[in-house]
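In: Structure of the sequence below:
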Amino acid sequence: FNSYTQQICVDDAVLIAGGKSMLHDDKSTAASAKRWSVAKSRGTSQIVTYKAEFIDKLSEISDDMNVSAALGVKTDSFALSGRGSFVNTDKFFDSDIRFYLSVKVINSSINFKDALEYNPIASISETDEAHLEVFGDCFVSGFLEGGELNAVVMIKVLNDVKKSDIKAEAKVALTTSFKAEAEGNLALAKANIAMNTETTIQVSWCGGASIKTYDEEWSIDSLLAAANRFPYLVAQFPQRTHAILTRYDTLRSFVRLRPRPLSKIGYENAAVYTNTLMDAYLEYKSLYKRVSAHIKDVQSGTKRFRQQPGDGDDDGDGDGGGSSAAALPPSRALVKLGLKPFPASLAGLELARRTMRAQMSAIVSEVDLITRDPAQATLERDVTFAGPASFASLLPVVE
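Out: Model (predicted):
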């Protein structure tokens, strides 16, 4: 298993002492789990963790959700491992308020107690670069059983005049407990939210079976209620939520085969940098779609390029003569990469899209480089791509 990209590698990388497959042994554990009954779940000892916070970037929750930033860049999405895309990144960046709710429940852990041995492949040496691709940097030594609920509430304020007031009311509605004296204020706040906002609720859970009735829609109230009852439901209907990963160098049999000069693969220091790469990639993705929408709007005549004094009398219909965005001098990174303000024309926007694709490809290449050599994440190197905020300053203004 590769802990950096969260991708499954070769089977039977580790065997139970005596040559017995861990996969075969795991079947007996699964069979015993099927004999579980509701009566046995009474008094289940649980570890429950609640978390609720307002966020600005997806990287703020990637660690809590156990989302691989490297996998997010490679798959062009913010996805939970094994469960597909979770957050609509376009909605996320367009929202004014982003609220994250998480409930994690651990009932028990299932570990392989037997002595384990590394199971090498004769054609692949521990010194080969292919070893990391085939074996990964760790193996699955057990599982956590319980449940996990993740939800992101994204609120876009439609009334610009009341934006600050509505944002304050939304924060009250999401964080205030249900007390009798607060019911009136909460009701008023929720009414204003319903009339003046576009709310998107995205929920993902494992364990707990059905956490709400089938005919009930997802809302702020139903989400908070589901989070409160989730631990009880997980006690009755648990499932495996996470794999327990163990590094190969904890096995005596692996260390014995590894040459002394060979350094171990360590992705720990690469995590922070990779989260930055994921944020940049997803922001570029959102910016790319926004520029595509600008092209359609200019072509249809619903929008035009903003004029600046001295730009001439052009009507801003895409033939040129509008304002290029960069009023301030470009950053040093933009100059080093040879990026300049794009012309205020349809041709300029098309050029910006092509350049954005190149920047996104550079980010993917950076992730591939760190996958092969994690030490690159901590080295001082020349920039290979421009930050999305700096790049956005080069775009012409469309209004």
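
In: With only the CA atoms kept, save the longest strand anywhere in the chain in PDB.
Out: When the chain is parsed with DSSP state E, its longest strand is strand 138-157. C-alpha atoms of strand 138-157 as PDB (Å, rounded to 0.1, in the frame of the first residue of the first chain):
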ATOM      1  CA  CYS A 138       3.800   0.100   4.000                       C
ATOM      2  CA  PHE A 139       1.400  -2.900   4.400                       C
ATOM      3  CA  VAL A 140      -2.100  -3.300   5.900                       C
ATOM      4  CA  SER A 141      -1.700  -4.900   9.300                       C
ATOM      5  CA  GLY A 142      -5.300  -4.400  10.600                       C
ATOM      6  CA  PHE A 143      -8.500  -2.400  10.500                       C
ATOM      7  CA  LEU A 144     -10.500   0.000  12.600                       C
ATOM      8  CA  GLU A 145     -14.200  -0.900  13.000                       C
ATOM      9  CA  GLY A 146     -16.900   1.700  13.600                       C
ATOM     10  CA  GLY A 147     -18.300   4.500  11.500                       C
ATOM     11  CA  GLU A 148     -17.500   7.900  10.100                       C
ATOM     12  CA  LEU A 149     -19.700  10.800   9.100                       C
ATOM     13  CA  ASN A 150     -18.400  13.800   7.100                       C
ATOM     14  CA  ALA A 151     -20.500  16.700   5.800                       C
ATOM     15  CA  VAL A 152     -19.700  20.000   4.200                       C
ATOM     16  CA  VAL A 153     -22.300  22.800   4.200                       C
ATOM     17  CA  MET A 154     -21.700  25.400   1.500                       C
ATOM     18  CA  ILE A 155     -23.700  28.600   1.600                       C
ATOM     19  CA  LYS A 156     -23.600  31.200  -1.200                       C
ATOM     20  CA  VAL A 157     -25.300  34.600  -0.300                       C
END
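
In: And it, what's buried?
Out: 138-155, 157 (16 or more other C-beta atoms under 10 Å). All C-beta atoms are positioned from the backbone trio N, CA, C, and that covers glycine.

In: Kindly report the same for stretch 241-258.
Out: Those would be 241, 242, 243, 245, 246, 248, 251, 253, 254, 258, for stretch 241-258 by 16+ other C-beta under 10 Å.

In: Out of the residues you listed, the closest to residue 362 would be?
Out: Checking those against residue 362 with C-beta to C-beta, the nearest one is residue 245 at 29.6 Å.

In: Verify the contact between that closest one and residue 140 for me.
Out: Yes. Look at residue 245 against residue 140 with C-beta atoms under 8 Å: they come within range, at 6.5 Å.

In: what sits in contact with each of the two?
Out: Listed as contacting both residue 245 and residue 140 by C-beta atoms under 8 Å, 6 or more residues apart in numbering are residue 1.

In: re earlier: name every strand pairing with the longest strand of the chain and say which way it goes.
Out: strand 97-111 (antiparallel), strand 197-206 (antiparallel), strand 239-247 (antiparallel) (DSSP bridges).

In: Format those strands as JSON lines; extra columns: mean pLDDT and distance to residue 374.
Out: Below are the strands paired with strand 138-157 laid out as JSON lines (pLDDT from 0 to 100; distance: least, C-beta to C-beta, whole Å):
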{"stretch": "strand 97-111", "mean pLDDT": "87", "distance to residue 374": "27"}
{"stretch": "strand 197-206", "mean pLDDT": "90", "distance to residue 374": "29"}
{"stretch": "strand 239-247", "mean pLDDT": "86", "distance to residue 374": "13"}
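
In: Closest to residue 332 out of the buried residues of stretch 241-258?
Out: Nearest member of the buried residues of stretch 241-258 to residue 332, counting by C-beta to C-beta, is residue 245, at 40.0 Å.

In: which residues does the residue found closest to that closest one once you drop the neighbours it is linked to in the chain contact?
Out: Spatial nearest neighbour of residue 245, chain neighbours left out: residue 138 (4.4 Å); criterion: C-beta to C-beta, 6 or more residues apart in numbering. Residues counted as contacts of residue 138 (C-beta under 8 Å, 6+ apart) are 1, 2, 3, 245, 246, 247, 248.

In: pLDDT score for the third one?
Out: Meaning residue 3. pLDDT, residue 3: 73.

In: That one against residue 139, yeah?
Out: No. At 10.2 Å, residue 3 does not count as touching residue 139 under the criterion of C-beta under 8 Å.

In: what residues are shared contacts of these two?
Out: Counting by C-beta under 8 Å, 6+ apart, the shared contacts of residue 3 and residue 139 are residue 245.

In: Just the buried residues of stretch 385-397, please?
Out: Of the residues in stretch 385-397, 385, 386, 387, 388, 390, 391, 392, 393, 394, 395, 396, 397 count as buried by neighbour count, 16+ other C-beta under 10 Å.

In: And the fourth one, what's its pLDDT?
Out: Per-residue confidence at residue 388 stands at 92 (pLDDT).

In: what sits against the nearest residue to it once chain neighbours are set aside?
Out: Excluding its sequence neighbours, the residue lying closest to residue 388 (C-beta to C-beta, 6+ apart) is residue 283, at 3.9 Å. For residue 283, the contact set (C-beta under 8 Å, 6+ apart) comprises 93, 388, 389.
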